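Trainee: I'd like to go over a predicted model; first the sequence, then the structure.
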Amino acid sequence: MKKVLTIAGSDSSGGAGIQADLKTFSAHGVFGMSVITAVTAQNTQGVFAVQDITPEMIASQLDAIFTDIEVDAVKIGMVSQIDTIKVIAEKLRQYKPKHIVVDPVMVSKSGYDLLSPDAKEALIQELIPLATVITPNLPEAEVITGRNISTLKEMEEAAILIHSLGAKAVLVKGGHLEDDATDVSYDGYEFTYYKGTRIATNNTHGTGCTLSSSITSNLANECPLNEAISKAKEYITLAIQHSFSIGKGVGPVHHFYSMYQKAGIQHV
Ligand SMILES: Nc1ncnc2c1ncn2[C@@H]1O[C@H](COP(=O)(O)OP(=O)(O)O)[C@@H](O)[C@H]1O
Ligand SMILES: Cc1ncc(COP(=O)(O)OP(=O)(O)O)c(N)n1
């Protein structure tokens, strides 16, 4: 079985962060491990508090995993602070996992800063050059490039700029577009388009975490990058189609559909 690691924050409500990543890993049949960077007090209505884990404890978690277990792919989510970013980058340069998927989490859908504003530059300088693929949504791509992005053409231009910062490939996600939820990737040679019809639902908590964890699982399972992304796009589309309401706000996507489907069991 392939072994996959998420380095991310905890979402107490289970829709995003470490919890979404581990659910996604299980649904893909890979063995999930986690290095927790921060604990958030969060629900479907918002983020209410964050406690960062110390850089020393993050380093210890990474050492514990990498000195014992062969890791097939790593996903990075919420990284919170400059020192958190620096220690993660240092350890990944030391242990050199084959695939690193960077989800440059900055602000939650509810508007809370999950990345300290002064840590944006560190994320760009330390983590982008390590990325097999980086998966910004439109607001994140705008912060990284300093440009406004609202069209497919502007997404392509942003992908070229972000690629020039050192990522092997870039996937600019179209979840925040007005029309279709089409994503575009660029690997330094060509663009690939992942078409998605917009699903009319408010329950999209954890879409970015789920997509990046699905890509990570597929890379661990030895899919070439474009296939890893297109399978992940199918997974997130199904997960959004089967999302549901819990709580009073933005509900989570559903992670078990593909398992039920494979087993021929009717979704409940
Ligand atoms: N309403 C929707 N219908 C269909 N696909 C969506 C919808 N919202 C987001 N997506 C898709 O979910 C994935 C995550 O994108 P996005 O929501 O932009 O990420 P983030 O959670 O980082 O903001 C992308 O593939 C995007 O196209
Ligand atoms: C702990 C934690 N990490 C990441 C996020 C962001 O999740 P994402 O899937 O990008 O989008 P929203 O869930 O915020 O819509 C988070 N909320 N919490």
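Mentor: On my side now, so go ahead. Residues are numbered from 1 along each chain as shown. Ligands and ions are numbered 1, 2, ... in the order given.
Trainee: so does the top helix by length along the chain get close to ligand 1?
Mentor: What stands out as the longest helix in the chain, according to DSSP state H, is helix 225-241. Yes: contact between helix 225-241 and ligand 1, assessed by Cβ under 6 Å from any ligand atom, occurs at 233, 236-237, 240. Glycine gets a C-beta too; all of them are placed from N, C-alpha and C.
Trainee: would TSV of these with distance to ligand 2 be doable?
Mentor: Formatted as TSV, those follow (distance: Cβ to the nearest ligand atom, whole Å):
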residue	distance to ligand 2
233	15
236	10
237	15
240	11
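Trainee: tell me the two of the residues you listed that are most distant?
Mentor: Farthest-apart pair in those is 233 and 240; separation 10.7 Å (Cβ to Cβ).
Trainee: and the residue of the stretch 1-150 of the chain at minimum distance from ligand 1, backbone torsions?
Mentor: The stretch 1-150 of the chain approaches ligand 1 most closely through residue 137 (3.6 Å), counting by Cβ to the nearest ligand atom. Main-chain dihedrals, residue 137, degrees, to the nearest 10: phi -80, psi -180.
Trainee: related to what we said a few turns ago, of the residues of helix 225-241 next to ligand 1, grab the buried ones for ChimeraX.
Mentor: Applied in ChimeraX, the following selects the buried portion of the residues of helix 225-241 next to ligand 1 according to 16 or more other Cβ atoms under 10 Å:
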select :233,236,237,240
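Trainee: nearest to residue 55 among the residues of helix 225-241 next to ligand 1?
Mentor: Nearest to residue 55 out of those is residue 236 (Cβ to Cβ; 31.5 Å).
Trainee: OK, contacts around residue 33?
Mentor: Applying Cβ atoms under 8 Å, 6 or more residues apart in numbering to residue 33 gives the contacts 3-6, 65, 69, 71.
Trainee: export these to CSV and tack on secondary structure and pLDDT?
Mentor: Below are the contacts of residue 33 laid out as CSV (DSSP: H, G, I helix; E, B strand; the rest coil; pLDDT from 0 to 100):
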residue, secondary structure, pLDDT
3, strand, 98
4, strand, 98
5, strand, 98
6, strand, 98
65, helix, 98
69, coil, 98
71, coil, 98
